[in-house]
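K.L.:
For reference, the sequence and a predicted model appear below.
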Amino acid sequence: MKHRAQILAYSGTFIALIAAGSWISIPLPPVPLTLQTLFVLLAGIIMQRYAVIPVGLYILLGAANLPVFHNGTAGLGVLLGPTGGFLLGFLPAVLIVGIAYENESPKIRIAGLIAATCMIYLFGVVWLSWSASIPLLQAALLGVAPFLIGDALKAAAAYTIGKRIG
């Protein structure tokens, strides 16, 4: 993954996939269930640590008012709203997956996918609690509990796809 052209091509592809995944959503208040995380995890699997590039650019594009966030939303208001922490959590999450996938061990790779999902939850819950002025426990019940099964399925799908591609 050291060739610039390959990084550029994968970056464009993953920005598009993450944006497309944001349109596939189930509206649950206050945070919708989308396929963004599936593509964030896949970016880490395929691009390893270089996956911070497309994920960072995806967040910057959304902050610059391109409609790439869930259901075509955009702007700093989204990042400062209740879903902002989950979006910002994509950056450390993709780095965790990327570093885990630089190792050949299936246990480390699975642990990386789990840790990455937990990192998204951590950023999301803390930001949701702060932005909505609600207790952390309530934020966790709203921002994690409804998504556990779906996110476990997305992580399992990312792992399976990664095995097929890799």
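P.N.:
On my side now, so go ahead.

K.L.:
from here on, contacts and neighbour counts on C-alpha atoms
P.N.:
Will do.

K.L.:
Where does the prediction get shaky in the chain?
P.N.:
Applying pLDDT under 70 to the chain picks out residues 1-2.

K.L.:
hey, which helix is longest across it?
P.N.:
Within the chain, and with DSSP state H defining each element, the longest helix by residue count is helix 106-132.

K.L.:
Now it: buried residues?
P.N.:
Going by neighbour count (16 or more other Cα atoms under 10 Å), the buried part of helix 106-132 is 108-110, 112-117, 119-130.

K.L.:
again, but for stretch 15-30
P.N.:
Buried residues in stretch 15-30, counting neighbours by 16+ other Cα under 10 Å, are found at Ile15, Ala16, Leu17, Ile18, Ala19, Ala20, Gly21, Ser22, Trp23.

K.L.:
contact partners of it?
P.N.:
Identification of contacts with stretch 15-30 by Cα atoms under 8 Å, 6 or more residues apart in numbering yields 32-40, 54-55, 57-58, 68-72, 82-83, 142-143.

K.L.:
How far off centre is that stretch?
P.N.:
The chain centroid and the centroid of stretch 15-30 are separated by 10 Å, computed with Cα atoms, centre = their mean, to the nearest Å.

K.L.:
end to end, how far does it reach?
P.N.:
24 Å (Cα to Cα, to the nearest Å).

K.L.:
about what we covered before: from the contacts of stretch 15-30, which ones fall inside helices?
P.N.:
Counting by DSSP H, the contacts of stretch 15-30 place Gln36, Thr37, Leu38, Phe39, Val40, Pro54, Val55, Leu57, Tyr58, Leu142, Gly143 in helices.

K.L.:
residues contacting the fourth one?
P.N.:
So that's Phe39. Counted by Cα under 8 Å, 6+ apart, Phe39 has contacts Phe14, Leu17, Ile18, Gly21, Ala158.

K.L.:
closest to Leu8 among those?
P.N.:
Relative to Leu8, the closest of the contacts of Phe39 is Phe14; by Cα to Cα it sits at 10.0 Å.

K.L.:
From Val126, how far out is that closest one?
P.N.:
As judged by Cα to Cα, Phe14 and Val126 stand 26 Å apart.

K.L.:
And Gly89, by the same measure?
P.N.:
Using Cα to Cα, we find Gly89 at a distance of 10 Å from Val126.
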